[in-house]
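# coordinates only, no sequence provided:
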């Protein structure tokens, strides 16, 4: 009988084809209509119970959703590119999340896997030195590119779905496959977690392609150092006035925003651990000779712990409001994304490492890597841990052509079938515990 | 024999038609290709000696010129809207200024009149409550509108050209008609003055439609209170970095620009008179989680005297450079426009008032109004005065539908033929002095 | 019969002696105990009805009063230097203002004159090149000097009191002599005005030694250009913390104060006229390695009109509060002084000029000079004008050794008897109207 | 034969007396004239070779030295309190450091111990609840208090000197006792290290009373987490001007300093580890109505590594200079103190712990505590380590009445003789290696 590893390798070709189709049709956060339709159809065909739209997305918890008109355009594009119009309609408002459930015959644990689906707002490299360009699967969408490997993640998720269905007899309990929108900007997880999709989960596994791998055929079973982060937008509204004739009649939104940018950077260091503050974008004003009445900033805070990030956010909000008060302008602060710090389960990481070393054929299995960034998978992990479950975030180590989010990003597609095999072995092992 | 006033009134209908054609085809500063071609043809037809392009524009003194690609687009648009391609080619680079000269038989003074041609970067109101929309002569160009009456100024200039030609026998010396590009943003006058076009002028007259008129049929013969002004752009270039992973590797252009905006506003008041500072636009950064490596600001200074404005500019430049140094980023400061304060010649204003009260039929002739703003006609006036000539800036008082630069701006077109008559009378009077 | 001019000249010697005694015993605002005791005794001896202390000072309106302990020290010093302890006790709390009233037999106008008494917080020059040092009447008090001529003003007031008593028969109505404390820092006038001391006055005259005189024997009858001004102190209180061990536990008063200093300087220029802002003093912090929990600033605003100054103050208060909010610290804003802009009564200035040219013997009588500064005499003038009376501020022009407030300040003492004569002539003239 | 522990206990009473004498005569950094004279005499009497003054202090490396006049006052006070005038004269300029050397007969290692001598600028509590006040040994100097236990350190050093002399026969090699001035503000060590006083040392030990002890009779053999730190003063000099009459003529030092305070706090976090910035003191300006021409700030940076602190200092200097340039004022930046991060020698800590557990009688011996602060003993340790030697910083754990630098600070004097015993045992052990 074929091992799972062998079965997975057999899927290699179709996985590469699927990944390349997705790569040509990247969809930005909350607009993964075409991607989701494909996933839904596939999972239904495999016999999964598939929930999506409002059933798996808590509307009030959605962050950083594009404007209605923009969503509408993306829905139309998805349909024009083959998405099922009826399914798309059910995901209106950007509710593109999906949860597929497979209940087995035997009692056992509930084991969940989380995959993210969205692309980056990056224009993909068109030069022939970039493999997707040379081999004809470069992005067909402007300013949109799978530069973070989520095309691979979706492909892995669907291949795992197939392998799990094929190995159903060896599984116990319940398997859940979670496809999350809007990971970029850490916007989507919170709404799925608040819809309760992991409230019954005993084991949750997330993962990512290509992080800091030292070899091309490697698995990292435990990722630590998730920084908690919060993304905020602030919109300042003042009163315009002629800068020569009546400057005192203006209320200067540009100065309020500029002051906020500076003052935010004066938030004190925290003695309990690392913190970060960045005002990444500031746009203000309408004309040189007009006292500016509009301004906006995009910022983010981070913290080594959720507590430190909360300190940063609390300071940031007070400062932004004070800057508005200083120039007598109004300000609206909007949550645009968030992810928690989270607890790395070293024992679980070790258990997975032992399992995989036995079952799979990586050149290297590492039990630790430092993330040094933020991921909203943390929300899933945190919720599962709070309810007594266990959670882990893995890295599917592989050679990458350029750093994540870079317009030259690409990866060795072999890592995908290996990841699918790994997931299937994990499901078999932990569902039977 | 018809008086000049009567002759001018006879031109009323064709002036309205011309103004409305111009109103439909507004052209922003340094791109007045269609407007200029029409003016050149008309003036040549009237027998004027017509210089334009590099002959009347000093390239090194041009400020705030659009990028080459943009100029190219505007040239093509002008040709597609009827401009003579050959003439347009001669104005390449934005050199759309024109000087028409008429030498008379008799020795006498050189009397010059200056008209500006460019439009505002304003989207014109499309509602029927706005007369140009209702009567079908609304702007056909996006984000472009004659909202400052320069369509009227060109029309006045061409009608005056016709009247002057018709009354050549009554004139002495030399008449010069100057059509200046890029008055908005006070960008164009400096380059024409530095090309020497008023170096031989004894009397120079500028004027504007609609300013602060108390009645609908009014002339103001002397405008005072021109604020000197300087327009500057500053471009900051730093180094981007990941805001979470390595913030200390960034050089933050956003903070430099924000600090400049604030610090510029701390320039001390000046005990010798009014000053102004405004940072009207600030744009910075590329993404929320990236230390921003690019930023730019658009600012302006003003002063009751050129000396005060120079103080403001000198302070501003030092501050901008210091802000760049503070965040270790590069900065490039570019002159984007300028106008001097200028001396109001009360005697000349009085002489014109007496002349016009006798020759024309305004309900009201005022000898003084406060501009309370800036105009680069000041450069022409200053140069003429420095060389021993005299200069004046008038207001063609008329009812306006909304303030200048407003999307609802419109004026009573009757003011145009009256202004043309006024100009002609002034030419007759002063050329014979 | 001797003219008033001649009578005054006869007082020259005793005036010089008195001025020099005062010069040796300068007293800072609200602590003029010795000065006031001397004035009270002198005026009583001349037969005036003398009110002082709480009768002429509204306690709630006193601004910038020294701390109780400091006042106590100054009271003791005054007593040790000859002041009457009983009188001093009646001026407790700094209520050192005096109003002397002389009612004549004939009905007539009420004419008031205002004199200020306090010194500057300046260390007087001790070098022999400085006449008071050379001639032995240099200040005997540390960091205290009559560097603004108020020793002369008191001397003039007392000489005028003598001349007025001697010429009582020529006077009508009522004469009031007002001796005001704490003019420096514009702190004292408001409390006397609010005690109602000029509510019955028809004509009020203020004056100053030495301002911008072009000759040594000159009178200016009308001073214009009083800038309205407000003096504010702000005290910030935060929370200290160890800057290395727990910086996030601090609330940084230093940063709040520093930000206030900068933001206050960004208050917009006003299109209606001149404005000023100055943060003259900032002190903050207790130690290098402690997050600073205390900070204070001393600032002032000015305006060409009271309305503009009020705009500045309103902006300033909002900004200071916002800066405190920004760093989560408390702030207390205290009024430390104020003076209004005021209306210059040109007709009255002209009438006085004509009178003085006839009666006195100045080389020059000017009807106008620009103050270009602030004086709380404006409160007296404003109140008198609001109630239908008339008011004027004069300059007793004389050569000065150095600018006002300079440690080398000195003046030609001859100006004093001339001023006393001038005041007496004005009283005779206007009380009889 | 008595053990060293027993010998030390026998010194208990004289140690308490000495500590209390020192406690009554605290001397601030670089002015430890009385303290040093006493130490020199004592050490000479014990037979040590004693170097001090310029022999052990590199003048160019002295940081944060008081002004000459101040030093002079402190020298006089020391003499008036019993110091030897001749010795004091040899320490002129604040060179109060001392190095005592004892060469033994046997070849062996050079073992050095470092003690600091200066007090804090704190006013000691006078209430009877404070033991030094109740028992009559409270500080007799204003604003000076041994609130960090350096009186105890000196006492320990001298007792160790006595014990070492008494046990000379058991020692090998060379023993050095280093008494360092000006540890507060981390100002003194650098100058002694640069004078070469530890260039020949194989083992160096520092130590401190009272840090984070969990019991009253405890020794910590290894302290880690020394933050590198730099102390800077910046002095800004501008041009004063009358804030009402000619504000534009001023160059505002207050604004430059305030801006520096704010901008310094915007220095980016460092991804490699903790950093700190604090502007602890800002003083600026002379009067409310004067554009301020003087300002100063006291600041400090810290870093988890010397490299991070150097990054902070480099950023800080650029920012301070830019703020001066912004307001066109001069600035002088002065080094006022510094300490490096340093390497904690865990093996040595373990070896000492084993030794002490055997030889001494502490209730608890810990091998690790986190300093979480800065200490210039780091310079000695760093130099010794750079030259191949080994170094350690210990804590003499004892109950303290209040935190270090607090006006209620006090400690259990029993810790002193135990520390002296510990030092002696260490010397015996390591000199014989």
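Here it is on my side, so go on. The structure presented is a predicted model; accordingly, all values stated were derived computationally and were not measured. Numbers count the residues shown, from 1 in each chain, chains lettered A, B, ... in the order given.
# residues near residue A:136, how many?
When neighbours are counted by other CB atoms under 10 Å in any protein chain shown, residue A:136 registers 9. The way it works is simple: take the backbone N, C-alpha and C, and place the C-beta from them, glycine included.
# also residue A:2?
Number of residues near residue A:2 (other CB under 10 Å) recorded here: 10.
# list phi and psi for it.
The phi and psi torsions at residue A:2 (degrees, to the nearest 10) take the values phi -60, psi 140.
# could I get the contacting residues of it?
Neighbouring residues of residue A:2 by CB atoms under 8 Å, 6 or more residues apart in numbering or on different chains: residue A:10.
# any idea how far residue A:8 is from it?
The gap separating residue A:2 from residue A:8 is 10 Å, by CB to CB, to the nearest Å.
# for residue A:430, same thing?
When distance is defined by CB to CB, residue A:430 is 18 Å away from residue A:8.
# now for chain A, the helix or strand with the poorest mean pLDDT.
When each helix and strand of chain A is scored by mean pLDDT, DSSP states H and E, strand A:369-373 comes last, with a mean of 81.
# note down every partner strand of that one and its orientation.
The strands that strand A:369-373 pairs with in its sheet are strand A:223-226 (parallel) (by DSSP bridges).
# how about residues contacting the partner strand?
Residues outside strand A:223-226 that contact it (CB under 8 Å, 6+ apart) are A:208, A:211, A:339-342, A:344, A:368-375, A:378, A:393-395.
# what's the closest non-adjacent residue to the residue of the stretch 101-250 of chain A found nearest chain D?
Ranked by CB to the nearest CB, the top residue of the stretch 101-250 of chain A for proximity to chain D is residue A:227, at 10.8 Å. Across the structure, with CB to CB, 6 or more residues apart in numbering or on different chains as the measure, the residue nearest residue A:227 apart from its sequence neighbours is residue A:302 (4.3 Å).
# just the buried residues of the least confident helix or strand of chain A, please?
Within strand A:369-373, the residues that qualify as buried are A:369, A:371-373, counting by 16 or more other CB atoms under 10 Å in any protein chain shown.
# how about stretch A:86-98?
Burial within stretch A:86-98, assessed by neighbour count using 16+ other CB under 10 Å, is assigned to A:87-88, A:91, A:94-98.
# go on, stretch A:99-109?
Judged by neighbour count using 16+ other CB under 10 Å, the buried positions of stretch A:99-109 are A:99-102, A:104, A:108-109.
# isn't residue A:353 right up against residue A:367?
Yes - contact status for residue A:353 versus residue A:367: in contact at 5.0 Å, counting by CB atoms under 8 Å.
# near chain D, which residues of the stretch 151-300 of chain A?
Taking CB under 8 Å from any CB of the partner chain as the criterion, the neighbours of chain D within the stretch 151-300 of chain A are A:262-263, A:265-266, A:268-269, A:271, A:274-277.
# so of the residues you listed, which ones are in strands?
Using DSSP state E, the subset of these located in strands is A:275-277.
# is stretch A:177-191 in proximity to chain B?
Yes - judged by CB under 8 Å from any CB, stretch A:177-191 comes into contact with chain B at residue A:185.
# what helix or strand does the residue of the stretch 1-150 of chain A found nearest chain C sit in?
Minimum separation of the stretch 1-150 of chain A from chain C (CB to the nearest CB) falls at residue A:63, amounting to 26.1 Å. Per DSSP states H and E: residue A:63 is located in neither a helix nor a strand.
# and the pLDDT at it?
pLDDT, residue A:63: 97.
# before we move on, what SS does the residue in the stretch 51-200 of chain A that chain B sits nearest to have?
When scored by CB to the nearest CB, the stretch 51-200 of chain A has residue A:185 as its residue closest to chain B, at 7.3 Å. Assigned state for residue A:185: coil (three-state reduction, DSSP: H, G, I helix; E, B strand; the rest coil).
# and it, what pLDDT?
Among the per-residue scores, residue A:185 holds a pLDDT of 96.
# ok, and the closest non-adjacent residue to it?
Taking CB to CB, 6+ apart as the measure, residue A:185 lies nearest to residue A:337, with 4.4 Å between them; neighbours along the chain are not counted.
# residue A:9: neighbouring residues, count only.
Taking other CB under 10 Å as the criterion, the count of residues near residue A:9 is 18.
# buried subset of the contacts of strand A:223-226, written for ChimeraX?
A single ChimeraX command selects the buried members of those (16+ other CB under 10 Å):
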select /A:208,211,339,340,341,342,344,369,371,372,373,374,375,378,393,394,395
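# between the two ends of stretch A:123-135, how far is it?
Across its full length, stretch A:123-135 reaches 17 Å between end residues, using CA to CA, to the nearest Å.
# quick one: contacts of that stretch?
Applying CB under 8 Å, 6+ apart, the contact partners of stretch A:123-135 are A:20, A:23, A:138-139, A:142-143, A:145, A:147, A:401, A:407-408, A:410.
# at 6 Å what do you get?
With CB atoms under 6 Å, 6 or more residues apart in numbering or on different chains as the test, stretch A:123-135 has contacts from A:138-139, A:143, A:145, A:407-408, A:410.
# flag every residue of chain A that's near chain B.
Within chain A, the positions near chain B by CB under 6 Å from any CB of the partner chain are A:227, A:231, A:243-245, A:254, A:258, A:261-262, A:276, A:278, A:280-285, A:287-290, A:292, A:298, A:300, A:302, A:372-373.
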